[in-house]
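>>> sequence below, structure please.
(chains A and B)
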There are 2 protein chains.
Amino acid sequence: MANAVVSFSDHTVSLVALVSDQIRNGQYVMGFGFNSIGRYGQSGILRERMIPRILSADSESLLNENGHQFDAAAIAQTAMQNEKPGGHGDRASALGALELAVWDLNAKLADEPAYVTIAKAFGRNPEFHATPVYAAGGYYYPDDSIAGLRNELEGYRKMGFDGLKMKVGGASLDEDLGRIEVGLEVAGDGKLLAVDANGRFEKKAAFAFADAIAPLDLRWLEEPGDPLDYQLNRELTEAYSGAIATGENLFSRADAHNLIRFGGMRQGKDIFQMDAGLSYGLTEYAGMIATLEAEGFHRTQCYPHGGHLINLHIAVGLELGGCEAYPGVFQPFGGYPAACKIEQGLVWPTDAPGFGLEQKDELREDLQLLRDNM
Amino acid sequence: MANAVVSFSDHTVSLVALVSDQIRNGQYVMGFGFNSIGRYGQSGILRERMIPRILSADSESLLNENGHQFDAAAIAQTAMQNEKPGGHGDRASALGALELAVWDLNAKLADEPAYVTIAKAFGRNPEFHATPVYAAGGYYYPDDSIAGLRNELEGYRKMGFDGLKMKVGGASLDEDLGRIEVGLEVAGDGKLLAVDANGRFEKKAAFAFADAIAPLDLRWLEEPGDPLDYQLNRELTEAYSGAIATGENLFSRADAHNLIRFGGMRQGKDIFQMDAGLSYGLTEYAGMIATLEAEGFHRTQCYPHGGHLINLHIAVGLELGGCEAYPGVFQPFGGYPAACKIEQGLVWPTDAPGFGLEQKDELREDLQLLRDNM
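Numbering: from 1, shown residues only, chains lettered A, B, ... in the order given. Predicted coordinates:
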């Protein structure tokens, strides 16, 4: 399966296990984390850089004040010792997997779902224990692209999703407009359909595309140009009346701050898609939210990239606008276990301790393998 | 040894060998490349992502038009297949090592020094086959910091270097001013002494430091703040009369373009230190130079980070302002072989084919190991 730029067929994910010395139900309590899809092969960064630093740290320095849980920020800081500033790429994804495992472990040690642990840690008290999600997909199919697309999007509707997102930029403008027509038929309303160019367009093509879809009043146009081309982003926000969504390829607070300063993002309108699993974990991600809020944006403008259980808990715990969902793709990491209620475009995390990754049939074997190899 | 932020004692480097099917003097011709110091542990990125893509590509697609050398841009593009845009971090360093090995191999296949191959490839015809370098060092020493510093810097002068660079930001302002006084005594002139804060300062400290050193008329102030804080950089260039140097932690054309657009860099004054060995190799680096020139800057404002033989050839071949040199540190990769003439702050690459890494005593064993393991 492919978007306008990338085939994901060879992409893997780093899965990290943290083993505690606490025993529940006859087993050591373990925390699991993974990075979101997009960067892979971080074994060297984890094994040669980050993990040795953590293992050689004074254990007390890694614990929370209560001494019964781990301090995710301290662990992240320890993992980043002697790292040079700037250049936030693969290592952000490596640490993302590792730091998120701390949150899973902490929640399990407290015997509560991760969104509860997360909410407490960041001073939130969410009234509502579900979050709006949209089904991300709408890929290009080699044969009979239109039928494949319709079939895929209708499948998401049947599962209980109402918001949909589809890929654009991998075909001619005319062909893409035909595909969007199909998306609109399935979604029923432009406000329920977003389109994602995955950074494909140069300036001229970006403006041509934005002009062509403006009358359709779509939910948002995602990553029209290179994710670091803040100037193009600003020019588009000045010209395009709809919302622009971007940020999944900004992996640090410094990069997100540059998007805010130079990218023309509009308060109350445009969408930020930074993703803890690609951005050093939840500590850095929460820092990005703080930066956004300090600059007058609202956290409901945040819809993290990465349609998996971890981001579902983060979106609920931090009371974000919602998050992406991968109901059909990026298995075994994408999507939710059957026990998660999906209704009218909302998804409820279950009450399983931690992120509840063990409830996901597709993932259970991989987690057991890590347990067996400890 | 340490700067204000990072201890490099555990840092390693990725060394890549490209083996051709051509035989010279009874041996297969091999190209060697390495990334500059700063990021490490890229084995996963190289072995799981980039190398398999190159090995599975159609060989013809990787050759130059003449069919006798390799097309570095095509190899870089192949290595980056299915990589998502943005987030230029560790993978830029992984590809840097690999792509630079192509230049070494091409130069050896043509039986000429790499700077000649590089100059031809980018349409340059350097009159002068040497480049100005400065000795980068001036580290903090645990005991008797001042004596250690003076001793180190005097050693560089004896080797034939006149320009010196020393670390700041790792001590109090007062202590750093005392250290700079020592640097000035050894250098003899502020215009021969640069100071490097390695991104350490927050805004207030950056301004305090810039104010304090302004009367000293130093050669440049390097990386005063976070390398991605373009706004701080712009504010400093507006307030500080001396030159600002930065860019060693910007690993792509897109990031360098943002520095130009938003960072306030001054034409004919400030210094760009992007480094091919951290930035996807020479193809991307040459693209950065093209971007700089299109925006009115001159290539003599470029002094690549990374004081090793590879950047020496790049600086000569592309007619840059000069480059960094690590005469005493980052062995076996830093510095130059004894056969390189160093005089009055200029360094001459030798006539050895390629980058001439084989002439470096400290490195020969590592290169032989790669040859033995092919």
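>>> can you name the residue of chain A nearest to chain B?
Residue of chain A nearest chain B, by Cβ to the nearest Cβ: A:Gly89 (2.0 Å). C-beta coordinates here come from the backbone N, C-alpha and C atoms, glycine included.
>>> so who does that residue touch?
Listed by Cβ atoms under 8 Å, 6 or more residues apart in numbering or on different chains, the contact partners of A:Gly89 are A:39, A:251, B:87-92, B:251.
>>> what do you get if the cut-off is 10 Å, keeping everything else the same?
Neighbouring residues of A:Gly89 by Cβ atoms under 10 Å, 6 or more residues apart in numbering or on different chains: A:39, A:45, A:249, A:251-252, A:278, B:39, B:45, B:86-94, B:251-252.
>>> measure the residue nearest to A:Asp162 when sequence neighbours are not counted to B:Met166 for me?
Spatial nearest neighbour of A:Asp162, excluding adjacent residues (Cβ to Cβ, 6 or more residues apart in numbering or on different chains): A:Gly345 at 3.9 Å. Note on A:Gly345: its distance to B:Met166, by Cβ to Cβ, to the nearest Å, is 59 Å.
>>> also A:Asn198?
Note on A:Asn198: its distance to B:Met166, by Cβ to Cβ, is 45 Å.
>>> higher neighbour count, those two?
Using other Cβ atoms under 10 Å in any protein chain shown as the criterion, A:Asn198 and B:Met166 rank with B:Met166 on top: 27 against 22.
>>> give me the pLDDT for the residue of chain A closest to chain B.
We have a pLDDT of 96 for A:Gly89.
>>> what's the nearest residue to it if we skip its chain neighbours?
Nearest residue to A:Gly89, sequence neighbours excluded (Cβ to Cβ, 6+ apart): B:Gly89, at 2.0 Å.
>>> same check on A:Glu154?
The shortest distance from A:Glu154 to any non-neighbouring residue, by Cβ to Cβ, 6+ apart, is to A:Val186 (5.6 Å).
>>> near chain B, which residues of the stretch 201-350 of chain A show up?
Contact residues (Cβ under 10 Å from any Cβ of the partner chain) of the stretch 201-350 of chain A with chain B: A:223, A:225-231, A:246-255, A:257-258, A:261-262, A:278-279.
>>> dump the lengthiest helix in chain A to CSV, restricted to CA.
In chain A, assigned by DSSP state H, the helix with the most residues is helix A:90-109. Extracted in CSV, the C-alpha atoms of helix A:90-109 (Å, rounded to 0.1, in the frame of the first residue of the first chain):
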residue,chain,number,x,y,z
ASP,A,90,15.1,8.9,13.5
ARG,A,91,16.3,9.2,17.1
ALA,A,92,13.0,11.0,17.9
SER,A,93,11.2,7.9,16.8
ALA,A,94,13.6,5.5,18.7
LEU,A,95,13.1,7.4,21.9
GLY,A,96,9.3,7.6,21.2
ALA,A,97,9.0,3.9,21.4
LEU,A,98,11.1,3.7,24.6
GLU,A,99,9.4,6.6,26.4
LEU,A,100,5.9,5.4,25.6
ALA,A,101,6.7,2.1,27.1
VAL,A,102,7.3,4.0,30.4
TRP,A,103,3.7,5.2,30.3
ASP,A,104,2.4,1.7,29.6
LEU,A,105,4.4,0.4,32.6
ASN,A,106,3.4,3.3,34.9
ALA,A,107,-0.3,2.7,34.1
LYS,A,108,0.0,-1.0,34.7
LEU,A,109,1.8,-0.4,38.0
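>>> quick one: distance of it to the chain centre.
Put simply, helix A:90-109 sits 14 Å off its chain's centre (Cα atoms, centre = their mean, to the nearest Å).
>>> show me what counts as buried in the following helix or strand past that helix.
Of the helices and strands lying after helix A:90-109 in sequence (DSSP states H and E), the nearest is helix A:114-121. Neighbour-count burial for helix A:114-121, with 16 or more other Cβ atoms under 10 Å in any protein chain shown as criterion, is recorded at A:114-119, A:121.
>>> nearest to A:Tyr156 among those residues?
Taking Cβ to Cβ as the measure, A:Tyr115 is the one of these closest to A:Tyr156, at 23.3 Å.
>>> my guess is that closest one meets A:Leu320, correct?
No - contact criterion Cβ atoms under 10 Å: A:Tyr115 and A:Leu320 do not qualify, at 11.0 Å.
>>> who touches both of the two?
In terms of Cβ under 10 Å, 6+ apart, A:Tyr115 and A:Leu320 are both contacted by the residues A:126, A:131, A:314.
>>> can you tell me which residues contact the residue nearest to the first one when sequence neighbours are not counted?
In this structure, A:Pro126 finds its nearest non-sequential neighbour in A:Glu319, 5.1 Å apart by Cβ to Cβ, 6+ apart. Going by Cβ under 10 Å, 6+ apart, A:Glu319 touches A:115, A:119, A:122, A:124-128, A:131, A:289, A:299-300, A:302.
>>> just the buried residues of those.
Counted by 16+ other Cβ under 10 Å, those give A:115, A:119, A:122, A:126, A:131, A:289, A:299, A:302 as buried.
>>> can you redo these as TSV with pLDDT?
Shown next, in TSV, are those (pLDDT from 0 to 100):
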residue	pLDDT
A:Tyr115	98
A:Ala119	98
A:Phe122	98
A:Pro126	95
A:Thr131	97
A:Ile289	98
A:Arg299	98
A:Cys302	98
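>>> what's the burial count for A:Ser241?
Residues lying near A:Ser241 (other Cβ under 10 Å) number 10.
>>> same question, A:Pro349
Neighbour tally, A:Pro349, other Cβ under 10 Å: 26.
>>> so who does it touch?
A:113-116, A:129-131, A:309, A:312-313, A:315-317, A:336-337, A:339-341, A:355-356, A:359.
>>> if we can go back for a sec, and the residue of chain A closest to chain B, how far from A:Ser252?
From A:Gly89 across to A:Ser252, the span is 10 Å (Cβ to Cβ).
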